[in-house]
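Peer 1: sequence plus predicted model, see below.
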Amino acid sequence: MQITALLKTFVLSFFCLLTLPALAQTRVLSGKVTDAANGTPLAGVSIAVTGLGTGTTSDANGDFRLNIPQTAKSLTLSYIGYNRQEVPITTSATLNIRMEASSKALQEVVVVSVGYGTLDKKEVSSAITHVSSKDLLSVASNNPLMSLQGKVAGLNITNTATGDPNSSPNIQLRGASSRNAGLGPLYVINNVPGGNIDNINQNDIESIDVLKGGAASAIYGTRGSNGVIIITTKKGSTQSKMFYDGYASFDYLTNRLQNLSPEDFIKNRVQNSQGQDYGAKTDWLGAVTNSPAFSQKHTLQLSGGSAKTNYFASADYRNADGVDLRAHKKEYGARISINHATDDNIFVGTLTVAPRFMNTSNADAGNFNNALTLNPTYPIYDTDGKYNYLNTGFFSNNPVENANLIKSDGEIKELDINGSLKVNILKNLSTTVTLSEISRSVRNMNFRPSTLSTIVHSNKITQTNFASQEQQENDQKNVEWTGNYSLNLKQHHFKLLGGYSYSLYNYKQFYAQNYDFPFDAYLWNNLGSGLYNGGAAGQGQSAVGSTQNGSTLIAFFGRLNYDFNSKYILTASLRHEGSSKFGMNNKWGDFPAVSGAWRITEEDFFKDKVSWINELKLRADYGITGNQDFGNYLSLLLYGGAGYFPFNGVQYQVYGPSSNVNPDLSWERAVNFNAGLDFSLLDNRLTGSVDYYVRTNKDLLGYYNVPLPPNPQSQTFTNVGTMKNSGIEVTLNGSVIKGTNFNYNLTLTGAFNKNKFISFSNDIYKGAIFQDVAGLPSPGSPGNIQRIEEGHSIGEFYTLRSAGVDANGALLVYKKDGQVVPANQASNDDKQYVGNGLPKFIGSLGNSFRYKNFDLNIFLRGSFGYKIFNTTAFYIGTPSSQADANVLRSAYDPKSKYSKLTSNSTTSIASDYFLESGSFVKIDNVSMGYTHTLNLKYLKSLRFYATGRNLHTFTKYTGGDPDLVQVNGLVPGVNTSLNYYPSTLQLLIGVQATF
């Protein structure tokens, strides 16, 4: 035993002596790895001693520490998405390394959501535009999609009241597609179709994919006709991280309409017997304006975990004022996402919960227009200090009083929750079940006090103060079950998807109102104390109301992706879907699609022979999509109130048929064709795509006249009509300058769209060959100024053609035979097509600069080749406008053509005299930031940024900001309401911190 112990001691001592020289020949090298472009620390970089197996990885801060032999010459660094790099070792104990991103690698790792799955960008064979979070605009907005404005060719996002924190944008893809069904796209959020776009914080978005081609959208069947927008939010990772983003924004009126000052009103209106002088000098527009309107938003994000379990949590708070006195919004939101995989990776579970709560005070959209038209010599307050009673002019009320005393509030609660369980049965076979619920509860509250000057001066005894409450509940439950199988046979690659989808929609609404409350202080909180019961003895139909309706959507779908040697790509899909909205004879429908792509650069005759072309892919797709975005029960025979029947002195409600049955009611069908070319040139310095598309929408929904009898009602809701859209879309991305310290990237998008309405009739239902639309409101009887006619485009202005102004200040027009007469001597038969309100081209230009730690982004946007009817000039822009009302300054500007219309004989007669070019170019967004990397223990980096939105608009349009006039929908280029909400210039200052 002693000999054994001595032997062990000897051997151990011998090996220790052997290792002493080795230990003496090593040293410690530490350092930091950062991104060469922006200085961001890189975590997880593989760092090895060149030629040896020893190495380490960088930590969350990009730091590393490594024992190296004295004989080591260099380190080799590798990281996904970056160029492999060999760095010489010097005598210094520290080594700071900057890694360059690999343009080729970045091109290859772009992952695109295609609906029920993802593909590498090079595998995509249909028209899909991918936008990452870093490409979104910085903007303080109520809706995250405003950050996408102008970024996607063919996707038109407009908001006619950006200064209202409760406003929502109008979104349309590749032109109008329906007459009476929805025109907006389907939103898919984290693989849940029908997601709530309002319940997303822009900071939580990882990427947005816009499915434009019919082949891509067809996987969503009856909801895919207007395109699909897939939003993917951020997920957790193994890297622990905390991120804060906060900003303050200020909205200022810009491009505002200019009306007469009190002095000019007296000079031009009062002295010409077109108004009275009441002695005051009031800037009514300024009195109803809250400028600058202040808002703030704060976001805190936490993420981290391990390779098997990770989380992402986000919380945000926003408090925003509108540029009018009443508009306000306060909201609180959160999003929690948890991902977990078992040790063997057979089961993978995810859970996402996203609640949001909002308090709103709604803007009075008519108050700005009221302020524009009020006599500026009216005082706001009377001699007793109370709000002045106004009873002349266009609207006859006090807008300052309305803004301060009338209340229109809302409480909105939203909850999105979804969970999924994925089972990896085999390495190439998996199945996933996803359960989700999307709920939204809205409580609307309105109140008008008894102290309103209009109530007091009318000496009302009943219907004085007024209050109402409305509760709306929307709920959507979804079940999605999919299976995925992949197979690789040498150069043949297959991906097979199969699935089942079930969606249940439910809507509830309750409304109650009353008048004559004993106290204004009750607001809407004690409706039972009111004394007015709805307007008629014993009946309360207008005092209370409630409803409930719902629908069900069921689908089976499948898709096959095939590619040969990453050269030839083929995708085919089929969705078999049924909806309870459709008639008994058309409950189910099929939506097939096929697409193909040829990567020309992978051919032997091309590869490595044309060095300046890195990628050239030709693709084409064809698909049939549907539209079932219309009301419930429209195919059924419904019963409703049909008056009252007296019996023994009692009034009894009578019920009868209120709609016609239509067992053939079906979805609108869109037949889509798209051909495109994707390319990457000059070592991926210039990339882009060109698409040509044709979409024919058939079986358009609408009401058609039917005989009485046999039908109980004179109109039936049915499928009739055909519309066609075609166009070209171009997207270009260029790295103009690519250096170590300075980079300049350019992005260009452009879209040409042409619309044609083909037919209003079919073999069963016959309609007129045209429909007059865009009716203008009173005063006067201007009538409709647009016509939708077979063989013509929507947006066609159909009105009198002007021939100038005569010596008496009367509008001259052409009769149909070419004769020139005063406008009041022409008739509707003399109307002609005089222009179109649809832009022929919509484009944008993005410029991104980076110098060391500074970044600058300049984004321009514009629309071209269309007309706008200047509604404000028509009503309040001429000397002959209504007496005792204020008018625009252009009415008395000798340089303005509207100043010539001095005769009352042709006032309120519409003609193309009021059509103006709507073309504009807008400096839409300028953002500048500075990022400072810190080596502190608790703070890794700081970024300060400032953004200006809607800085300037170049246009010949004289009616304010042309972007405020809607060009989406069926009546583009005209505002058929007198309501006016001014455009705003927004300044935003913010800070971002990474911990």
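Peer 2: Great, that's in hand.
Peer 1: got any ranges where this structure has weak pLDDT?
Peer 2: 1-25, 53-54, 60, 80-81, 102-109, 533-542 (pLDDT under 70).
Peer 1: got the residue ranges for the helices in it?
Peer 2: Assignment of helices within the chain using DSSP state H yields the ranges 2-24, 103-108, 214-217, 262-268, 284-287, 367-373, 399-405, 453-456, 871-876.
Peer 1: mind giving me the packing neighbours of the last one?
Peer 2: Read it as helix 871-876. helix 367-373 (3 or more CB pairs under 8 Å, 6 or more residues apart in numbering; DSSP states H and E). (Each C-beta comes from the backbone N, C-alpha and C, glycine too.)
Peer 1: show me what the helix it packs on is packed against.
Peer 2: Counting by 3+ CB pairs under 8 Å, 6+ apart, helix 367-373 packs on helix 284-287, helix 399-405, helix 871-876.
Peer 1: centre of the chain to stretch 781-792, how far?
Peer 2: 29 Å (CA atoms, centre = their mean, to the nearest Å).
Peer 1: what's in contact with it?
Peer 2: 756-760, 769-776, 794-799, 828, 833, 837, 869, 874, 908-910, 970-971, 974 (CB atoms under 8 Å, 6 or more residues apart in numbering).
Peer 1: repeat that for 7 Å
Peer 2: Identification of contacts with stretch 781-792 by CB atoms under 7 Å, 6 or more residues apart in numbering yields 757-760, 769-776, 794-799, 869, 908, 910, 970-971, 974.
Peer 1: repeat for stretch 390-406
Peer 2: Taking CB under 7 Å, 6+ apart as the rule, stretch 390-406 contacts 284, 287-288, 324-326, 364, 366-367, 370-371, 373-375, 378, 380, 387-388, 448-449, 451-454, 882, 884-885.
Peer 1: any idea how far the residue nearest to the spatial centre of the chain lies from residue 317?
Peer 2: For the chain, residue 145 is the residue whose C-alpha lies nearest the centre (CA atoms, centre = their mean; 3.4 Å). According to CB to CB, to the nearest Å, residue 145 stands 21 Å off from residue 317.
Peer 1: again with residue 275
Peer 2: For residue 275, the distance to residue 317 - CB to CB - is 48 Å.
Peer 1: comparing those two, which residue is more hemmed in?
Peer 2: Shown here are residue 275 and residue 317; by other CB atoms under 10 Å, residue 275 has more neighbours (24 against 15).
Peer 1: not counting its neighbours along the chain, what's nearest the more buried one?
Peer 2: Spatial nearest neighbour of residue 275, chain neighbours left out: residue 269 (3.7 Å); criterion: CB to CB, 6 or more residues apart in numbering.
Peer 1: dihedrals phi and psi, that neighbour?
Peer 2: phi -110, psi -50 (degrees, to the nearest 10).
Peer 1: what is the neighbour count of it?
Peer 2: Neighbour tally, residue 269, other CB under 10 Å: 26.
Peer 1: that one touches residue 276, doesn't it?
Peer 2: No - using CB atoms under 7 Å as the test, residue 269 is too far from residue 276 to be in contact (8.9 Å).
Peer 1: okay, how far is it across stretch 124-142, tip to tip?
Peer 2: One end of stretch 124-142 to the other measures 32 Å (CA to CA, to the nearest Å).
Peer 1: give the contact list for residue 926.
Peer 2: 858, 947-948, 951.
Peer 1: before we move on, the earlier item: relative to residue 171, how far out is the residue nearest to the centre of the chain?
Peer 2: Taking CB to CB, one finds residue 145 at 6 Å from residue 171.
Peer 1: try residue 944
Peer 2: For residue 944, the distance to residue 171 - CB to CB - is 32 Å.
Peer 1: more neighbours: which of the two?
Peer 2: residue 171 (24 against 14).
Peer 1: and that one, what are its bridge partners?
Peer 2: residue 157 (DSSP bridges).
Peer 1: related to what we said a few turns ago, please enumerate the shared neighbours of residue 145 and residue 171.
Peer 2: residue 157.
Peer 1: so what's residue 212 closest to, chain neighbours aside?
Peer 2: residue 127 (4.3 Å).
Peer 1: report the contact partners of that neighbour.
Peer 2: With CB under 7 Å, 6+ apart, residue 127 has these contacts: 212-213, 216, 621, 674, 676, 691, 693.
Peer 1: and what of residue 379?
Peer 2: Residue 379 touches 280, 282, 388, counting by CB under 7 Å, 6+ apart.
Peer 1: angles on the backbone of the residue nearest to the last one when sequence neighbours are not counted, please.
Peer 2: It refers to residue 388. Once flanking residues are discounted, residue 388 sits nearest to residue 382: 4.8 Å by CB to CB, 6+ apart. When quoted as degrees, to the nearest 10, the phi and psi of residue 382 stand at phi -90, psi -170.
Peer 1: looking at the contacts of residue 926, which two lie furthest apart in space?
Peer 2: 858 and 947 (11.0 Å; CB to CB).
Peer 1: the two: who's more crowded?
Peer 2: More crowded of residue 858 and residue 947, by other CB under 10 Å: residue 947, with 21 against 17.
Peer 1: related to what we said a few turns ago, out of the contacts of residue 127, which is nearest to residue 118?
Peer 2: For these, the nearest to residue 118 is residue 216 (12.4 Å; CB to CB).
Peer 1: thought the closest one was touching residue 126?
Peer 2: Yes - counting by CB under 7 Å, residue 216 touches residue 126, with 4.2 Å between them.
Peer 1: neighbour-wise, which of these two wins?
Peer 2: residue 216 (33 against 29).
Peer 1: where's the more buried one relative to residue 127, distance?
Peer 2: 7 Å.
Peer 1: just residue 806 next, same as before
Peer 2: For residue 806, the distance to residue 127 - CB to CB - is 53 Å.
Peer 1: burial of residue 345, as a residue count?
Peer 2: Using other CB under 10 Å, residue 345 is surrounded by 12 other residues.
Peer 1: nope, residue 707 is what I was after
Peer 2: Count around residue 707 with other CB under 10 Å applied: 7.
Peer 1: with residue 609 instead?
Peer 2: Neighbours around residue 609, by other CB under 10 Å: 10.
Peer 1: then residue 631?
Peer 2: Using other CB under 10 Å: residue 631 sits among 12 other residues.
Peer 1: same thing with residue 492?
Peer 2: 11.
Peer 1: residues touching it, list them.
Peer 2: residue 564.
Peer 1: now swap in residue 176 and tell me
Peer 2: Here residue 176 is in contact with 183, 755, 794, 969-970 (criterion: CB under 7 Å, 6+ apart).
Peer 1: which one of the residues you listed sits in the busiest neighbourhood?
Peer 2: Busiest of those [other CB under 10 Å] is residue 794, holding 25 neighbours.
Peer 1: tell me if I'm right that that one and residue 753 touch.
Peer 2: No - with contact defined as CB under 7 Å, residue 794 does not count as touching residue 753 (11.1 Å).
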